[in-house]
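J.: For reference, the sequence and a predicted model appear below.
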Amino acid sequence: MAREVIIHGDSLDVISDMEDNSVDSVVTDPPYGLSKEPDISEVLSKWLAGEEIEVGEKVTTDGRNKPIDNAFNRGMTTRKNSHPTVKPVDLMAWLVRLITPEGGTVLDPFAGSGSTLVAAKREGFGFIGVELTGEYIPIIEARTGVKATNIDEGGDA
């Protein structure tokens with residue numbers, strides 16, 4: 001059976017505790033689109049260096065210019081997945097198949113609403129998804145059928 005793990009925690013903490021060669025590919029979409037956030041290359045450079053990333057007040061930059069609210073009813077929508085940057089599962093499945101060896105494990109350190117994890121599972125790969133924002137964890141759990149571990153409560157990867 002393929003390894004299926006969801007971790008509620010900080011990617012830097014999780015990755016630093018992972019064994020070498022424990023994943024076969026990294027397929028992710030780092031956070032972006034928050035006002036007062038630096039250029040994405042600057043964010044990635046800081047993240048990889050383990051530096052703190054200042055994002056300021058979380059406000060959408062898609063023209064609505066309104067505060068981001070609860071993930072389940074953002075803007076009082078009827079959608080069950082209202083993460084602001086949901087990716088098409090078919091696209092993520094193509095990326096996963098492109099770079100992951102047969103039977104491999106995919107890491108998504110910024111799991112968001114879990115599109116990459118759903119794609120990996122659908123394509124028969126294992127996955128490790130890490131998400132810092134607690135309000136997205138129930139969405140990931142519902143989409144994958146996998147219960148998350150909270151690293152702050154003694155769980156481990």
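T.: Here it is on my side, so go on.

J.: give the contact list for Arg143.
T.: By CB atoms under 8 Å, 6 or more residues apart in numbering, the contact list for Arg143 reads Asn81, Ser113, Gly114, Ser115, Leu117, Val118. For the C-beta atoms, the positions are set from N, CA and C on the backbone; glycine is no exception.

J.: try Gly104
T.: Val23, Asp24, Ser25, Phe125, Gly126.

J.: re the thing from before, what two of the contacts of Arg143 are the furthest from one another?
T.: Spatially, the most separated pair among those is Asn81 and Leu117, at 12.7 Å (CB to CB).

J.: More neighbours: those two, which one.
T.: Leu117 (30 against 18; other CB atoms under 10 Å).

J.: which element is the more buried one on?
T.: helix 115-122 (DSSP states H and E).

J.: for that helix, packing partners?
T.: Applying 3 or more CB pairs under 8 Å, 6 or more residues apart in numbering; DSSP states H and E, one finds that helix 115-122 contacts strand 4-8, helix 89-99, strand 105-108, strand 126-131, helix 137-144.

J.: Just tell me which of the ones you listed ends up closest to Pro31.
T.: With CB to CB as the criterion, Pro31 lies closest to strand 126-131 of the helices and strands packed on helix 115-122, at 10.4 Å.

J.: Quick one: residues in contact with the closest one.
T.: Strand 126-131 is contacted by residues 2-11, 14-15, 22-23, 103-112, 114, 116-117, 120-121, 137, 140, 144, 148, 157 when judged by CB under 8 Å, 6+ apart.

J.: List the neighbouring strands of it plus their orientation.
T.: Note on strand 126-131: by DSSP bridges, its sheet partners are strand 4-8 (parallel), strand 105-108 (parallel).
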